[in-house]
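Novice: Fold the following, please.
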Amino acid sequence: MWELVKAGGWPMVPLLLLGVLALAIVLERFWSLRRNEVLPPGLGQDVRNWAARGKLDPAHLATLRANSPLGALLAAALDARNRPRDQIRERIEDTGRFIVHRMERFLNALGTIASAGPLLGLLGTVVGMIQMFLGILDHGVGDVNQLAGGIGKALVCTATGMIVAIPALMFHRYFKGRINGYVIEMEQEASALLDALDGRPGVMATPPRPAAPAAANPGSAAPAKA
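Specialist: Just a heads-up that it's a prediction; the model follows:
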């Protein structure tokens, strides 16, 4: 293994560093995006019960905000609970964008590794091939087996770049899909909380549309002229 690393030359150093960084990001995201950490079971129902009983003091909201991403989203809705529904929804959307950005932490770096790995591996292969052909120019072809072995060693960088990039790309897509699923579930919990707030006394809801005027009573109509 060490001989292959040495055969790849200096481009193997950044490739190995990218591989270690990608592994660290994957492990960290697996830990941070656990379902119980993002969507604690039963939290949405508990918050709706708080809203129904009026337990919405600042201490409860601060605890809820620090609980999880879902808790932060629901706390944002409760902060604006005395406003019309459309304004509460705007607050939820603003907070949701921040939460999604926080959940996608390091994913841009993982995507960059997936894109840069093959290019860096190709660069190492090209550099190795240039060095090999310059040696042929100075000393002649020599042994054909040695030439074939040199070409094989030069391709080590390309293989290493793909080994780094393929898992990075797969995990990048996986975490993106996982976050999108969490976002849909958080939107459902926020909508359920909005419905609970609309039905709770003392909470301002979107004013109802005025009813259409009632039709005139036929019996009270003025008699037609003869």
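Novice: right, and M12 touches G124 too?
Specialist: Yes: look at M12 against G124 with CB atoms under 8 Å: they come within range, at 6.6 Å. C-beta coordinates here come from the backbone N, C-alpha and C atoms, glycine included.
Novice: overlap in contacts of the two?
Specialist: Shared contacts of M12 and G124, defined by CB atoms under 8 Å, 6 or more residues apart in numbering, comprise V156, C157, T160.
Novice: closest to R85 among these?
Specialist: Nearest to R85 among the shared contacts of M12 and G124 is T160, at 55.1 Å by CB to CB.
Novice: so what does the helix or strand where that closest one lies touch, helix or strand wise?
Specialist: According to DSSP states H and E, T160 maps onto helix 156-198. For helix 156-198, the packing partners by 3 or more CB pairs under 8 Å, 6 or more residues apart in numbering; DSSP states H and E come out as helix 2-8, helix 12-32, helix 43-53, helix 69-79, helix 85-103, helix 107-139.
Novice: Which pLDDT value does the model give R48?
Specialist: With respect to pLDDT, R48 has a value of 88.
Novice: And it, how close does it get to V183?
Specialist: R48 sits 20 Å away from V183, going by CB to CB, to the nearest Å.
Novice: Not counting its neighbours along the chain, what's nearest V183?
Specialist: Leaving aside its sequence neighbours, V183 sits nearest to V100 (CB to CB, 6 or more residues apart in numbering; 6.1 Å).
Novice: doesn't I179 make contact with the one you found?
Specialist: Yes: counting by CB under 8 Å, I179 is a contact partner of V100 at 6.7 Å.
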